[in-house]
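Participant: Based on what follows, work out the 3D shape:
(chains A and B)
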There are 2 protein chains.
Amino acid sequence: MKIGIVGLGLIGGSLGIDLRTQGHQILGVSRKETTCLIAVEKGVVDQASTDLKLLSQAEIIFVCTPIATIISTVKELIPYLNPNAVVTDVGSVKGAIAKPCSQLWSNFVGGHPMAGTSEQGIDAAVANLFEGAAYVFTPTAQTRATAVEKLTQIAQSLGANTYICSPEEHDRAVALISHLPVMISTSLIAACLGEEEVKVLELAQQLASSGFRDTSRVGGGNPELGLMMAQYNRLELLRSLYQYRHSLDGIIKIIEQENWENLEQILATNQQTRPQFLN
Amino acid sequence: MKIGIVGLGLIGGSLGIDLRTQGHQILGVSRKETTCLIAVEKGVVDQASTDLKLLSQAEIIFVCTPIATIISTVKELIPYLNPNAVVTDVGSVKGAIAKPCSQLWSNFVGGHPMAGTSEQGIDAAVANLFEGAAYVFTPTAQTRATAVEKLTQIAQSLGANTYICSPEEHDRAVALISHLPVMISTSLIAACLGEEEVKVLELAQQLASSGFRDTSRVGGGNPELGLMMAQYNRLELLRSLYQYRHSLDGIIKIIEQENWENLEQILATNQQTRPQFLN
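Facilitator: Numbers count the residues shown, from 1 in each chain, chains lettered A, B, ... in the order given. So this is what the prediction gives:
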């Protein structure tokens, strides 16, 4: 199959490596000429260009650009598209992407492969990045079933576990388990930094160990990523933050009232149920 | 030196192993006869007994019982103590322990070795548990300098990094970097569990990965430990929770107002400053 990839970074490049290994013909587009050269040299793609016209023969196209440029990329693609081409993206929010893109191209299906490393760019692209990862597709009422089937088969051929849900369900779930933890975690760092007693702040820095390290990890990560979550999944993130603040207020009240039985019960429930969220 | 240890669990047992290796004579006391037998057999102590009288010759005594019984153990010890004996504990809160114990015995110095594993009991005791760990001593105005010096030397001989501060400073710092993360983290699990849309809850469980795993780890731990923090460090924990809620409310407001520059600035500051808390 001829498969197009727009945006040859970590995700786009890794998709290229695996799909090319399977025997597909991979056509890659990048804004940068140097990235095109590296992609061909590294064997990520068969052909690369800075011109979207290269993709006129592609049956499936993965748009792997940053979230901010997905919609404009789909718009630019349309004049070149084969009428039966299936277009998908790999953005980590879906409501803001899947609906407008589906209106632009009826064979568009929002996608979100939940894989990555802390590295970025074509040089970070690796084989088997999607092995064992979740890969969510978010068809709308208008999406053709055949388009979803084709993409699901490809994702499964990469070793990913596929899930189908609406864009809203995706954004709500991802807000809870991915975007909310970032805001919770960054608020912890801010609260510790805000300690006004110098001696206590110094001690906190000296004594912090694995509990602080783990709880603060995602909140101390790439600021652009955190910003992007808040900008593109704002309403669902706020909803999860309100849900969280309600839980936190409950814990504070219980400690204020020294309601120890209740606190132990909550801690025990959370200990028992946490494994349901760990695969 | 003759060193006494009351409570032969993970901490007491590990102290015994290291100090005995150094050539000290270790006298161990446990409430359970079987623990005494294991301790002698395992080489954790030279002698063991269920009777505190065994410690009448000890120059230094480590009280390694659970927090709830430290004060009563020190009370019971007094009739047997050598007048110059230095007594210390290993509890993870100090305000509730160091002051009353110092009033009971002027040569008492609160201590907190910040080491551990997820295991408990004499069978979990290991060599070199304190190597590289922080070990805090919390003398009060009445504490003799010689007592603190003796304990500091012993802690350093175990490979620990020693810190001296007041019980209040200890409890405040530990609330921020250890007890607060537990409550933040358990509130995350509770907020996710509280999701009312069944499909979203299921998706959240399926899609959760390393961000959720790390941020929820300490909140899904031993409920007794979390309860103990809240009970014995209640005021400082509440203070840190109020500080945290203030940070969280700030983040929520910024997202509500779409004040993206401000959010990016906070995230960037937190990314830059987090390493100050990681040794």
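
Participant: need the helices for chain A, in chain order.
Facilitator: Remark: helices assigned in chain A by DSSP state H are A:10-21, A:33-41, A:70-77, A:95-104, A:145-157, A:167-174, A:180-193, A:198-207, A:210-216, A:223-232, A:234-256, A:260-273.

Participant: Give me the angle between the fourth one and helix A:223-232.
Facilitator: Inter-element angle recorded for helix A:95-104 and helix A:223-232: 60 degrees (by axes from the mean of the first three to the mean of the last three C-alpha atoms, to 10 degrees).

Participant: buried residues in helix A:95-104?
Facilitator: Using 16 or more other C-beta atoms under 10 Å in any protein chain shown as the test for burial, helix A:95-104 gives A:95-99, A:101-102. Where C-beta positions appear, they are placed from N, C-alpha and C, glycine not excepted.

Participant: do the same with the first one
Facilitator: Of the residues in helix A:10-21, those buried under the neighbour-count criterion (16+ other C-beta under 10 Å) are A:10-20.

Participant: Over to the shortest one?
Facilitator: Residues of helix A:210-216 classed as buried under the neighbour-count rule (16+ other C-beta under 10 Å) are A:211-216.

Participant: Show me what it is in contact with.
Facilitator: A:185, A:188-189, A:192, B:177-178, B:181-182, B:184-185, B:214-215, B:217-218, B:274, B:277-278 (C-beta atoms under 8 Å, 6 or more residues apart in numbering or on different chains).

Participant: Report the distance from it to the chain centre.
Facilitator: 23 Å (C-alpha atoms, centre = their mean, to the nearest Å).

Participant: need the buried residues of helix A:210-216 in CSV with pLDDT and distance to B:G28, can you?
Facilitator: Converted to CSV, the buried residues of helix A:210-216 look like this (pLDDT from 0 to 100; distance: C-beta to C-beta, whole Å):
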residue, pLDDT, distance to B:G28
A:G211, 93, 29
A:F212, 96, 33
A:R213, 96, 33
A:D214, 96, 34
A:T215, 97, 36
A:S216, 97, 38
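
Participant: Show me chain A divided up by domain.
Facilitator: For chain A, automatic domain parsing gives the domain ranges A:2-165, A:169-277.

Participant: Just the buried residues of the contacts of helix A:210-216.
Facilitator: Neighbour-count burial (16+ other C-beta under 10 Å) applied to those gives A:185, A:188-189, A:192, B:177-178, B:181-182, B:184-185, B:214-215, B:217-218, B:274, B:277.

Participant: The stretch 51-200 of chain A against chain B: which residues are in contact?
Facilitator: Within the stretch 51-200 of chain A, the positions adjacent to chain B are A:114, A:134, A:136, A:161, A:163, A:165, A:169-170, A:172-174, A:176-178, A:180-195, A:197, A:199-200 by C-beta under 8 Å from any C-beta of the partner chain.

Participant: Just want the most central residue of chain A.
Facilitator: The centroid of chain A falls nearest to A:S92 when counting by C-alpha atoms, centre = their mean (3.1 Å).

Participant: Skipping adjacent residues, who's closest to it in space?
Facilitator: A:H112 (5.8 Å; C-beta to C-beta, 6 or more residues apart in numbering or on different chains).

Participant: okay, the one you found: pLDDT?
Facilitator: Looking at A:H112, its pLDDT stands at 97.

Participant: try A:L77
Facilitator: What the model reports for A:L77 is a pLDDT of 97.

Participant: contacting residues for it?
Facilitator: Taking C-beta under 8 Å, 6+ apart, one finds A:6, A:52, A:55, A:61, A:63, A:87, A:105 in contact with A:L77.

Participant: thought the second one was touching A:V74?
Facilitator: No. Taking C-beta atoms under 8 Å as the contact criterion, A:L52 and A:V74 are not neighbours in contact, 10.4 Å apart.

Participant: Look at the two and report which has more neighbours.
Facilitator: Taking neighbours as other C-beta atoms under 10 Å in any protein chain shown, A:L52 and A:V74 compare with A:V74 leading, 23 against 18.

Participant: what residues are up against the more buried one?
Facilitator: By C-beta under 8 Å, 6+ apart, A:V74 lies in contact with A:63, A:87, A:89, A:101, A:104-105, A:108.

Participant: Drop anything exposed from those.
Facilitator: Buried subset of the contacts of A:V74 (neighbour count, 16+ other C-beta under 10 Å): A:63, A:87, A:89, A:101, A:105, A:108.

Participant: Which one of those residues is nearest to A:G250?
Facilitator: A:D89 (38.1 Å; C-beta to C-beta).

Participant: just checking, A:A48 touches A:T34?
Facilitator: No. Using C-beta under 8 Å, A:A48 is not in contact with A:T34, being 10.6 Å away.
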